[in-house]
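# Sharing a model prediction with you, sequence too.
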Amino acid sequence: MNLLNNINDFNEAKSVIPGGVNSPVRAFKSVGGNPRIIRDSNKCYLIDEDGNKYIDFIQSWGPLILGHKDSDVINAVKDALNRGLGYGAPTVGETKIAKEIISTYDCVDKIRLVSSGTEATMSAIRLARAATNKNDIIKFDGNYHGHSDSLLVSAGSGCATFGSPSSPGVPSDFSKHTLVARYNDLDSVESCFKASGDVACIIVEPIAGNMGLVPGDREFINGLRVLCDKYDALLIFDEVMSGFRASLQGALSYYDIIPDLVTFGKVIGGGLPLAAFGGKSHIMDLLSPLGSVYQAGTLSGNPIAVAAGYATLKKIKQDLSIYNRLEKLAILLTSGMVKKANDFGFAMQSCVRGSMFGFFFCDSEVKNFDDAKKVDTKLFARFHQKMLEQGVYFAPSSFECGFVCSPMNENIINEVIERCEVVFNELANEQ
């Protein structure tokens, strides 16, 4: 596989962009090798600057459930583009996409559009603090909610502690209001409540996608609702990744509870920068200009992004069988990969939620970040490099999940499984 242009382009990027990338995982630091510099895409394929073609299981990290360059989405963007890039004023499109989301999520009466998942989670937490008049928040080790200061916090020495900054530049005074609990461990959550006495909210990925794909146990997620009610705190579902991806109603289809606030991103933007947070009216009406909780954004509700997201949601709702079909493809892929791995003596675990999937090189099921940190990341790195050589693009980290899209079919998935067999055979012979 020729990578000359990729290598030259990446070296040039490194001279003007820190690390050569605008989001760290793209640098391939955890898997090695040269990042692919993408020139074009089509349906379920990516094409790099050397003309190499890859079956894409990243799908822009989730938004492209309809695949690359879906004609209906592209046409909607072109139509919006012909009317202008942005106005800094309200548009009917904002109301239309808000109604589409609200009509799907029973727990959402009103919604506020923003430009990124980080903005959505940051704003939802601010709103929760105002609604409860409390200061502390509980998050989970291994859950990622964007890069705002109070959320870049890792667990301390205990399983339920006030966290410490996980990045330079985050003052300890910010992180002292964030308590970190263990995912799928209700006892650790209650310990946080008792340690604080001032918890405004729990924020959780009910279907975690940032330590690999690790869904919350039903008892765990339902128990979070009970604890929030017991301690007068709000429950925030971070569905930036799982919303409209795991199912039409995201995590709500898998659990028997209603959160107080929900954050969205990815699919609702159809591939363009768009996110949102929403909830019941009495909470959302605390936001300015109705209330005194301030939140604003120059590009919030950008008409081009809204057009892409609205077209995506409308097309999904016109064919709800898409979720069953994509789940079957994800199961076919992961079960085939596990079998091929086992055939050559490699332990692998896999998980599927709708069109989301994940896999780990390990012997037992991954339930939390402590489990995830024990997986064989070196084997994953070798596997990732060799699959790229086979023209298959998985996420360049053991701690990210993958996505299937509607242009994929059984023939494509079976082709990937065959390429996995070639790779596992090579890996076995190298041992």
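Structure's in. What do you need? Numbers count the residues shown, from 1 in each chain.

# For D79, see how far away R245 is.
Separation of R245 from D79 (CB to CB, to the nearest Å) stands at 25 Å. C-betas here are computed from N, CA, C, even on glycine.

# More neighbours: these two, which one.
Using other CB atoms under 10 Å, the more surrounded residue of R245 and D79 is R245, with 27 against 12.

# quick one: contacts for the more buried one?
G62, I65, K266, V267, G354, S355, M356, F403 (CB atoms under 8 Å, 6 or more residues apart in numbering).

# ok, so of these, who is nearest A347?
M356 (21.8 Å; CB to CB).

# Sketch out the helices for this structure, chain order is fine.
Taking DSSP state H to define them, one finds helices in the chain at 4-14, 71-81, 92-102, 117-132, 172-175, 186-196, 218-230, 281-284, 303-318, 321-343, 369-372, 377-389, 410-430.

# Those helices: which one's closest to F399?
Once the helices of the chain are compared by CB to CB, helix 369-372 is nearest, at 6.3 Å.

# tell me which residues form a beta bridge with I203?
I236 (DSSP bridges).

# Tell me, how many residues neighbour it?
26.

# ok, it to D363 distance?
31 Å.

# count of neighbours near K194?
11.

# ugh, wrong one, I meant S150
Neighbour tally, S150, other CB under 10 Å: 22.

# do you know how far it is from T377?
Relative to T377, and taking CB to CB, S150 is found at 28 Å.

# Same check on Y105?
Taking CB to CB, one finds Y105 at 36 Å from T377.

# More neighbours: which of those two?
Neighbour count, other CB under 10 Å: between Y105 and T377, Y105 has more, with 23 against 16.

# Quick check, the more buried one in contact with V262.
Yes. At 6.2 Å, Y105 counts as touching V262 under the criterion of CB atoms under 8 Å.

# which regions of the stretch 51-200 of the chain sit below the pLDDT cut-off?
155-165 (pLDDT under 70).

# and if we set it to 80?
Confidence mapping of the stretch 51-200 of the chain against pLDDT under 80 gives the ranges 149-150, 152-167, 170-175.

# Kindly state the domain boundaries assigned to the chain.
Structural domains annotated on the chain: 4-69+320-430, 71-318, as defined by automatic domain parsing.

# Could you pull out the buried residues of stretch 407-422?
P407, M408, I412, I413, V416, I417, R419, C420, E421 (16 or more other CB atoms under 10 Å).

# Wait, the first one touches I55, no?
By that I understand P407. No. P407 lies out of contact with I55 (CB under 8 Å); the separation is 10.4 Å.

# can you list residues touching both of these two?
What both P407 and I55 touch, as defined by CB under 8 Å, 6+ apart, is the set C44.

# give me the beta-bridge partners of M356?
Note on M356: beta-bridge partners R353, F403, judged by DSSP bridges.

# Do I have it right that it meets N210?
No. At 11.7 Å, M356 does not count as touching N210 under the criterion of CB under 8 Å.

# Identify the contacts common to these two.
M241.

# mind listing what S60 touches?
By CB under 8 Å, 6+ apart, the neighbours of S60 are G271.

# and the gap between it and H68?
From S60 to H68 the distance is 8 Å (CB to CB).

# swap in C401?
Distance from C401 to H68, by CB to CB: 19 Å.

# Can I get the helices of the chain in TSV including distance to R26?
Output for the helices of the chain, formatted as TSV (distance: least, CB to CB, whole Å):
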stretch	distance to R26
helix 4-14	10
helix 71-81	23
helix 92-102	28
helix 117-132	16
helix 172-175	26
helix 186-196	33
helix 218-230	31
helix 281-284	34
helix 303-318	21
helix 321-343	23
helix 369-372	20
helix 377-389	13
helix 410-430	22
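
# Figure out which of these is closest to A275.
Of all these, helix 117-132 comes closest under CB to CB, at 4.3 Å.

# which other helices and strands contact the closest one?
strand 110-114, strand 136-140, strand 199-204, strand 234-239, strand 261-264, strand 275-279, helix 281-284 (3 or more CB pairs under 8 Å, 6 or more residues apart in numbering; DSSP states H and E).

# Pull out the buried residues from that helix.
117-132.

# how distant is that helix from the center of its chain?
Counting by CA atoms, centre = their mean, to the nearest Å, helix 117-132 is centred 18 Å from the centre of its parent chain.

# okay, the angle between that helix and strand 234-239?
170 degrees (axes from the mean of the first three to the mean of the last three CA atoms, to 10 degrees).

# Surely S397 is in contact with G32?
No. With contacts counted by CB under 8 Å, S397 stays clear of G32, the gap being 11.7 Å.

# Tell me which of these two has more neighbours.
S397 (21 against 12).

# For the more buried one, which residues are in contact?
V25, S30, V31 are the contacts of S397 under CB under 8 Å, 6+ apart.

# any idea how far it lies from V16?
Using CB to CB, S397 is found at 24 Å from V16.

# What of V170?
26 Å.

# and the two? which has more neighbours close in?
Each of V170 and V16 has its neighbours counted (other CB under 10 Å); V170 has more, 19 against 7.

# Check the gap between that one and G142 for me.
Distance from V170 to G142, by CB to CB: 18 Å.

# tell me the contacts of F361?
Taking CB under 8 Å, 6+ apart, one finds A341, F346, A347, M348, V375, D376, T377, L379, F380, F383, S398 in contact with F361.

# Which residue is the nearest non-sequential neighbour of the third one?
So the one you mean is A347. Closest residue to A347 apart from its sequence neighbours, by CB to CB, 6 or more residues apart in numbering: D363 at 4.6 Å.
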